[in-house]
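J.: Pasting the sequence and the predicted coordinates here, then a few questions.
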Amino acid sequence: MIEHFTKGLFKENPIFIIVLGLCPTLAVSTQVVNALGMGAGVIFVLLGSNFFVSLLRNFIPEKIRIPSYIVIIASFVTMVDLFMQAYAPTLSKNLGVFVQLIVVNCIILGRAEAFAKNHTVSESVLDALGMGIGFTLGLLLISLIREVLGAGTITLFPFGNFDGVIRIPVIYNAPIRVIGLATGALLVIGYLKGFFDWMAIRKKKREIEKRVSAVKV
Amino acid sequence: MSMEKTEQLLVTTSPHLHDRMTTSRIMWTVTLCLLPAGIWGIYVFGIYSLAVLASSIGASLATEFVITKLQGQDTLYDGSAFLTGLLIGYNMPPSIPLYIPVIGSIFAIAVVKHTFGGLGSNWMNPALAGRVFVMFSWTGPMTTWLVPRTRGIADAVTGASPLGFLKTGLMTFSGKVSGPLDFMARKGYPFTSSDLKVTEWLNEHVLSLWGGHMQNGYVDLFLGNIPGSIGEVSALLLLLGAVYLFAKKIITWEIPVSYLGSFGFLVWMLGGLRYGAGLFHGDVLFHLLSGGLILGAFYMATDMVTSPLTGKGQIIYGIGIGFFTYLIRFFGAFPEGVSLSIILMNIVVPMINRYAQPVLFGRVREARK
Amino acid sequence: MKGIVVTGAKLFLICAIAASVLGFVNAVTEPVIRQRKIRELKEALESLIPEGEVGKLVKVENNDVVKGYYPVKKDGKLFAYILDLRGNGYGGELKILAGFKGNGEIVNVKLMDNEETPGLGKKAEKPEYMKKFIGTGGTKPVPVRKDMLSRKDADAVTGASITFMGIANALAEGSEFAKKLGGKS
Amino acid sequence: MTYVGIIITFVFINNFILTQFLGLCPFIGVSRQMEPAVGMGFAVIFVMSLASLITWMIYTWILIPLGIAYLQTITFILVIAALVQLVEMTIQKTAPPLYKALGIYLPLITTNCAVLGIALIAVRSNYNAMESFVAGFSAGVGFMLALVLMASIREKLDTEWVPKPFRGVPIAFVTAGLMALAFMAFDKALLRNLIG
Amino acid sequence: MNLIKVLYAFLSVSGLGIILGLGLAYASKIFAVKKNEKQEALENSLPGLNCGACGYAGCPAYAEAIASGQDEDLTKCSPGGEATAEKLAELMGVKLEVTMEKMVAQVHCRGGKETSKYMFEYTGVRDCNAAYAMFQGDKVCKFSCLGLGSCIKVCPVDAIDYDSEGLVWVDKEMCIGCEKCVEVCPTGAMQMIPYSADYIVACNSTDKGGAVRKYCSVGCIACKICEKKSPEGGFKVENFLSKIDYSFKGERVSAADACPTKCIIKNEPHPKKK
Amino acid sequence: MKELKTFPKGGVHPRDHKELTNSIPIRNAPVPSVAVIAMGQHLGSPAKCLVEKGDTVTEGMLIGESSGFISANVHSSIPGKVSKIDRVFLPNGLNSEAIFVELEGEFERSGKEVTRTEWREKTPQELLEMVKEKGIVGMGGATFPTHVKYTVKKGMRVEYFVVNGVECEPYLTADHRLMLEKTDEILEGIEIIRKILNPEKIMIGIEINKPDAIEIMERRIGERGLDFHVIPLKMKYPQGDEKQLLKALTGREVPSGGLPLDIGAVVSNVGTVFSIYEAVVHGKPLIERIVTVTGGAINHPANLKVRIGTRIGDLIDECGGFKETPLKIIAGGPMMGFAQVNLDSPVTKGVSGIIALPREEVKIPRKTPCIQCGKCIRVCPMGLSPTRLYKWIDHQHYEEAVKEGLMDCKECGCCGYVCPAGIPLVQGMRVGKYYARKKKV
Ligand SMILES: Cc1cc2nc3c(=O)[nH]c(=O)nc-3n(C[C@H](O)[C@H](O)[C@H](O)COP(=O)(O)O)c2cc1C
Ligand SMILES: Cc1cc2nc3c(=O)[nH]c(=O)nc-3n(C[C@H](O)[C@H](O)[C@H](O)COP(=O)(O)O)c2cc1C
Ligand SMILES: Cc1cc2nc3c(=O)[nH]c(=O)nc-3n(C[C@H](O)[C@H](O)[C@H](O)COP(=O)(O)O)c2cc1C
Ligand SMILES: Cc1cc2nc3c(=O)[nH]c(=O)nc-3n(C[C@H](O)[C@H](O)[C@H](O)CO)c2cc1C
Ligand code: SF4
Ligand code: SF4
Ligand code: SF4
Ligand code: SF4
Ligand code: FES
């Protein structure tokens, strides 16, 4: 049961392994705080949609499956959007149109289709949590790299007399600005994905080696 | 000698004869042809420019070394990484902080070249991609130019490059002048005394024979007495090197001619409008000699790896670059458009290669039948 | 036929529930959003000319740069204007709020919504950036070219001259406009 | 903005893939080969043009008069999804060859960031009906341009020895990144200077 | 709270919902397209490797051939093996009679850089058939593995890899028995053996023992010791080369131990693999 | 000066090194003590062996019989005893069955008075039969059975008969010497062929680096009152290939996958013409050919008349052995010939030269990645893109390669010659064709 949760974190990480939900990943990963906000939004929507889709999975006829899922998802997205506008205006502005685009985020409908559609409510909720957190972790990693290299800062929430921005000494004065732009986003995710693929290849090699040495003994 | 004494024979497939040209020879020859222009750059901009070149080349070779070590290739000594580093250095302003060429080189070699498989596999010009990368990252330092020492001013004075001067100047200009050099003269852009003298002499003794007249400024542009990137300023020395490359058949006419031709035509046709001079009054010579156009057209657009394979394709490619260079120079946010145009057209090269292929022998008639 | 009706009805049901829920959520959040927007604008206006009292927006038609203005009163007397200006930046339109005296002199400037590049044009959002404009427009001309700036200021805008000129040109226009208003409301 | 301006903006300057990050998942997935890329490209152009027009109607004629603009997300996506499904079924029945070429990509597009994205952006930019349509069309063209160029590059890379861990998706991203770098040549200043 | 607005929301969205729901349901009725269910089922029970071992352009093509009755042989998919054949038979409603032993490929040669003599140094295209066209390869032995890895290139599942001596070796666990490597191998060193084969004679040379001894230190010299040592192992020396008849199930260890050139080796993941 | 004819696209200009042998008259090579006569020394199916070990054979006796439509007879080049029948490597690196004849007994022909057949009275059919009987195959390198080439299908007409005296391969001078020394025989050979093919126009193409051959040919044609046209050609490799030669001479292109006959032409090498003359007039089967033995490592380069089946090593001995240790020995021309592993292979009907190169004359290209310079495309006379084809093949996309014209490649070697990256392009094409045929794409 618990593996429904954990698989989303690493083994089936939506960004690096399944390669879904890329648009917001790349677009909002300019600042760490955006990643956190976006992640929270996605987790919320994912939870809601997976919950309802699995709840209603026997009620919804095949022909209107997609429209129904979309309505469910869109409702949660609109809620997120409205709440953000009301209570987290800067975040809402930074994320721009991508809050609304959570609707079409490929992970969410993907999970509804691939998982919630034929799993129980509790499994689906766990899956949603795992996928959502996996997504957030991926997003966080990308935005951390991009913000540190591309702006020389790490932007978090302001509290007290801390303005929410950590400035990295040397880089802050002359950051590699392109990393913060479109190019940087694509390159960073490309190299991260390459790195994960390399890890996977290495792991496979290790397994073979293990088998070989076992034979030798 | 009896034949029983033959040592182990070399067995390879045909052909058993080979042309003398090799990859490393090509690369080193191009390097050689580029050197004079670089030496001129170092001379006029001071010894710090040498440090810039050294750091870009050093970083380029070091990156190549590390990666080829990891991948078991051996392209370190074939000159391609050296050439990439050299060209990045040539495209840097002389006063640039050294970390910028270093990062540019690392980006060029590691990301643009070796991620795709190393020499020959990259589809984008590494040096130019590296330059554009740092240009967009550190726009300020990348657009700060030194005044050459041949202007008789002490070292390390910054000044605008001709194109930069025009770009900012023209933003608030509406009126009528005969062209860019006239505009610059009126706005007080200085030309050197040698330029004035040579131009005067030419006007008196040569051009007057045909009743022509030349404005001040071309000579400075031609010789490289202007602020600009280290390796791009001396059109003369670059052209001399290019002549050698043509003679050695290392570069062919298609790309430079179609590039300069299409760009020149657009400038001639439309370039005058901005100065109120009307259609077909653009100053082609000024635009050909300023900025990195000569360097770009003869040494960078011609990079074999990233340009189309066939003559037909190369002409399409050249025209494309010419068009984008015109567009960016005259309308874009940047004064210069060579690097961006070339890497833009690099994107299209695989597509061009797909369609611009030679006519197969014996297929023409078949088609006619 | 029955299948079709049932299917339609089911989608109807889902939509209906969704819509109603959203309707309620909106009912809760809408006032919050509206009030926040008003408050933000007010804060911005007040921070521009803290000593004055900002009046109602007067819309301006047929002007590319000046979209409207707020008369500012001090001690009941007309003291200055805050103009809602539009400039052309690197990334698109710049929204600028700027306070002018009746003689066109710039009192204070604030860059509002913009799509400039962080680290370049976005620097103009900082209050220090606008120092070079304050006090110009009246007797001194608004600096619209880099060579009208001090060496230090000029270096600071290098790499973002487009943003600079976008703001400067809007301010120059604004200054003219303020002069035309000439102290009348 | 003039129509030319809209076209240039959405094809080059705000290219959906290379600068706006909309529709990346199918972009990475379908750009492996030329033929599917072309099919997908046309399908996207078709759907985006249609969607931006229809959503404009809904927005202007229903949501605005009723004061319920906040429901744009849900209504837009609903309409787009249903519309695409309808179109798919129609051409599958009426034009099987067309369906073979385009139809198989339609389900991929139903819920694609790019399609909803253009609808929302068109609304945010206060375009009129025709402008919305042109914006949708040119955003689709921009998508196709990037997709087809990408496919041609990836086909070339198929015959190079790209380092193993980078084959497939990673190299596609790096390629897209470099394309985006070159596309930075197209900036707003260029547009403004070009068409005033 | 503005109830009117909530009502508008309710009406418009659910209105859309009912219209679209009806529309879609109706449309799917009139536009319904029939699919060949049997073919799909068949396709789903094939492994989906599209390796072509069946002789068709891929799994769907094979499925189509079966479904349309063009092909009645359900055992053509060697990767899927017995299990797949059974599934196909079940779907087609026929009974499967033959039972298949899974066959895997293995290289019958261990003559590497250090153990075998070379005629010349080959430098051309890295392809065994290319080398074979030049005096049948660079080795003196004309039956050997040329080690240029043509089989590696064609193997759909990466079951073949180089070992430290530059020869190739098949991992029998990964091999799916598609025979592509056997087809491509110019010298015949790659051969199919049963999965259960514990030992192989790693030599393919039919030259006389003396000749072999001259050019290769790990070649079979046809001394027939194996025949004597493991009578139940199925060893048979013919044409100056020992072969194993795997229908014999006896032990082969003593033959392997006794082989003077040690060319009888275990068929297991190669211990020397890089 | 009038512009010389040549083909328009592609081609290369390697240094020709012909000065080593082009003034040395042809002389007879010694008769081998053992002649190794291969059954598969022509294009097509190998001949069927007619003798057994221990049999006695005579000079010119038929020992291998044509075994199919495209195949040719093989004759013993020396009298003697069959000592063994075994498989051997031919100079082209392939393996073939061969008959070993140990020299023994009388020469029937050599040193005897030659008879003359009055061929003008025979019908074309009979003449063609003689060509077939005597095992004549193309001696320009392709070794295509000549009688098959001369069999004109119904409905086809031969407009041009072209004699190929181009000899564009560097180093080789066998055809050159033959044209100088056997001018009349060649002209008579052409007349025989004219009777067989009945062409409208006869042309002799000779590259301009053989001015003496052009001169003597023109003079003798004039003296004999023939209407053959000698056409001097600009030097360019691979002008000797029939497709390029026909393009240069007639402006027509042999369609892809087609034969010269498709454009109404037949091309024969001068050596072939000479062999036809000997076969028809003197009844002599193809048991001898001219071989140029040359290269920087040879002591005394020469043009030799060689019995088929002579070991390469014997020829080198005849030329004084090696001046220095050779690094590479090539059978055929340096552009299309085959490197040898040892000196044991026998001369076959297609071997026009033996070239022994010392270390300093061999350039060993270092293989580096393709830098897409496009030089290979510029020089490919067939209009192919070798670099693209190579990459397709390297990545096993054979269908793509075939679609882009792989099968049209004739392995002329121009691309491999110019490639700065030292990529074995020609071998790549061969591998590609091999797999493409195997997969029938
Ligand atoms: C710093 C340096 C500069 C070189 N410059 C040249 C040169 O200008 N021209 C040249 O042909 N070779 C030059 N070489 C030699 C090349 O590295 C290479 O060895 C040679 O061109 C290959 O010759 P090849 O034709 O025998 O392959 C240079 C080598 C080095 C290390
Ligand atoms: C990624 C990027 C972002 C840019 N952002 C801005 C910007 O925000 N504001 C601006 O005025 N120019 C921007 N530019 C434009 C260039 O900096 C432009 O060359 C410069 O404004 C003019 O040069 P100068 O300031 O050195 O005279 C940007 C350029 C790039 C490549
Ligand atoms: C690349 C290439 C070069 C050739 N060069 C010659 C040549 O120099 N002389 C020649 O007689 N045949 C040459 N040939 C062979 C001709 O194409 C053709 O086969 C020959 O002239 C026909 O005459 P044959 O059948 O009598 O040999 C060449 C073929 C190729 C593919
Ligand atoms: C004529 C010529 C021009 C070249 N131009 C460039 C260039 O502009 N940028 C670059 O990085 N390398 C250049 N090279 C070097 C080489 O092609 C380059 O490193 C490859 O693109 C790396 O794969 C050039 C080489 C030649 C022969
Ligand atoms: S087994 Fe055969 S195909 Fe494989 S490397 Fe050896 S010779 Fe080549
Ligand atoms: S090892 Fe040979 S038989 Fe086994 S899967 Fe690979 S190619 Fe097929
Ligand atoms: S070998 Fe083939 S590909 Fe190369 S040049 Fe000759 S015909 Fe063209
Ligand atoms: S000549 Fe060689 S390096 Fe140049 S394109 Fe052809 S294969 Fe590549
Ligand atoms: S998230 Fe945008 S297309 Fe996948």
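T.: Right, received. Where do you want to start? Ligands and ions are numbered 1, 2, ... in the order given.
J.: Can you pull out the low-pLDDT segments for the chain?
T.: No chain was given, so I picked chain A. Along chain A, the parts satisfying pLDDT under 70 run over A:1, A:209, A:211-217.
J.: sorry, should have said chain D
T.: Where chain D drops to pLDDT under 70, the residues are D:1, D:101-104, D:107-108, D:111, D:196.
J.: quick one: contacts for residue 173?
T.: In the absence of a named chain, this looks at chain A. By CB atoms under 8 Å, 6 or more residues apart in numbering or on different chains, the contact list for A:Asn173 reads A:Gly152. From N, CA and C alone the C-beta is placed, and that goes for glycine too.
J.: You answered for a different chain; I wanted chain F.
T.: With contact taken as CB under 8 Å, 6+ apart, F:Thr173 is in contact with F:Lys18, F:Leu20, F:Thr21, F:Asn22, F:Ile24, F:Glu167, F:Thr292, F:Thr294, F:Asn303.
J.: The second one and F:Ala29, how far apart?
T.: F:Leu20 sits 17 Å away from F:Ala29 when distances are taken as CB to CB, to the nearest Å.
J.: neighbour-wise, which of these two wins?
T.: In this view F:Leu20 and F:Ala29 are compared by other CB atoms under 10 Å in any protein chain shown, and F:Ala29 has more residues nearby, 23 against 20.
J.: residues making contact with stretch E:256-263?
T.: Against stretch E:256-263 from outside (CB under 8 Å, 6+ apart): E:110, E:199, E:201-203, E:217-221, E:223, E:225-226, E:229, E:264-266.
J.: What strand or helix carries F:Val163?
T.: Element membership for F:Val163, per DSSP states H and E: strand F:160-165.
J.: The residue of chain D found nearest ligand 7 and ligand 8, how far apart?
T.: Across chain D, the shortest distance to ligand 7 (CB to the nearest ligand atom) belongs to D:Thr159, at 16.3 Å. Summarising the geometry, the distance separating D:Thr159 from ligand 8, computed by CB to the nearest ligand atom, to the nearest Å, is 12 Å.
J.: correct me, but that residue touches F:His395?
T.: Yes. In terms of CB atoms under 8 Å, D:Thr159 counts as a neighbour of F:His395; the distance is 4.8 Å.
J.: Who has more neighbours out of these two?
T.: Taking D:Thr159 and F:His395 together and counting by other CB under 10 Å, D:Thr159 has the greater number of neighbours (20 against 15).
J.: Please identify which helix or strand holds that one.
T.: For D:Thr159, there is no host helix or strand (DSSP H and E).
J.: what helices or strands is the helix ranked longest in chain C leaning on?
T.: Taking residue count as the measure and DSSP state H as the definition, the longest helix of chain C comes out as helix C:2-48. Under the contact criterion of 3 or more CB pairs under 8 Å, 6 or more residues apart in numbering or on different chains; DSSP states H and E, the helices and strands touching helix C:2-48 comprise helix A:65-87, strand C:53-54, strand C:93-100, strand C:106-111, helix D:72-94, helix E:3-30.
J.: tell me the mean pLDDT over that helix?
T.: Looking at helix C:2-48 alone, the average pLDDT works out to 85.
J.: now it, how far from the chain's geometric center?
T.: 27 Å (CA atoms, centre = their mean, to the nearest Å).
J.: Same question for stretch D:43-53.
T.: When distances are taken as CA atoms, centre = their mean, stretch D:43-53 is centred 8 Å away from the chain's centroid.
J.: Enumerate every residue touching the residue nearest to D:Arg192 when sequence neighbours are not counted.
T.: Nearest in space to D:Arg192, with sequence neighbours left out and distances taken as CB to CB, 6 or more residues apart in numbering or on different chains, is C:Asn88 at 6.2 Å. Going by CB under 8 Å, 6+ apart, C:Asn88 touches C:Leu94, C:Ile162, C:Gly166, C:Asn169, D:Arg192.
J.: now check the strand or helix carrying the second one, is it near chain B?
T.: Right, the one you point to is C:Ile162. When elements are assigned from DSSP H and E, C:Ile162 belongs to helix C:161-181. Yes. In this structure, helix C:161-181 sits against chain B according to CB under 8 Å from any CB of the partner chain; the contacting residues are C:Ser161, C:Ile162, C:Met165.
J.: what about the helices in chain E?
T.: With helices called from DSSP H, chain E shows them at E:3-30, E:37-45, E:59-67, E:81-92, E:128-132, E:150-154, E:180-184, E:209-215, E:225-229, E:253-258.
J.: okay if I get the ones you listed as JSON lines plus mean pLDDT?
T.: What follows is those, written out as JSON lines (pLDDT from 0 to 100):
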{"stretch": "helix E:3-30", "mean pLDDT": "77"}
{"stretch": "helix E:37-45", "mean pLDDT": "79"}
{"stretch": "helix E:59-67", "mean pLDDT": "82"}
{"stretch": "helix E:81-92", "mean pLDDT": "81"}
{"stretch": "helix E:128-132", "mean pLDDT": "94"}
{"stretch": "helix E:150-154", "mean pLDDT": "92"}
{"stretch": "helix E:180-184", "mean pLDDT": "92"}
{"stretch": "helix E:209-215", "mean pLDDT": "89"}
{"stretch": "helix E:225-229", "mean pLDDT": "89"}
{"stretch": "helix E:253-258", "mean pLDDT": "89"}
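J.: Ligand 1: which of these is closest?
T.: When the helices of chain E are ranked by proximity to ligand 1 (CB to the nearest ligand atom), helix E:128-132 comes first, at 24.1 Å.
J.: Would that closest one count as contacting chain F?
T.: Yes. Helix E:128-132 comes into contact with chain F when judged by CB under 8 Å from any CB, the residues involved being E:Asn129, E:Ala130.
J.: residues making contact with the strand or helix carrying D:Leu116?
T.: Per DSSP H and E: D:Leu116 is located in helix D:113-124. For helix D:113-124, contacts defined as CB under 8 Å, 6+ apart pick out A:23, A:97, A:100-101, A:103-106, D:16-17, D:20-25, D:44, D:47-48, D:51-52, D:55-56, D:59, D:72-73, D:76-77, D:80, D:109, D:131-132, D:135-136, D:139-140, D:143.
J.: just stretch A:40-54 next, same as before
T.: Stretch A:40-54 is contacted by residues A:21, A:24, A:60, A:69, A:72-73, A:75-77, A:80, A:84, A:95, A:99, A:102, A:105, A:107-108, A:111-112, A:115-117, A:119-121, A:123-125, A:127-129, A:131-133, A:135-136 when judged by CB under 8 Å, 6+ apart.
J.: centroid residue for chain B?
T.: B:Gly296 (1.9 Å; CA atoms, centre = their mean).
J.: Tell me the confidence at the residue nearest to that residue when sequence neighbours are not counted?
T.: Spatial nearest neighbour of B:Gly296, excluding adjacent residues (CB to CB, 6+ apart): B:Val338 at 3.7 Å. What the model reports for B:Val338 is a pLDDT of 95.
J.: Ok, F:Lys410 next?
T.: The predicted structure scores F:Lys410 at 93 on the pLDDT scale.
J.: residues near it, how many?
T.: Should you count by other CB under 10 Å, F:Lys410 turns out to have 20 residues around it.
J.: Is it in a helix, a strand, or coil?
T.: On the three-state scheme (DSSP: H, G, I helix; E, B strand; the rest coil), F:Lys410 is labelled coil.
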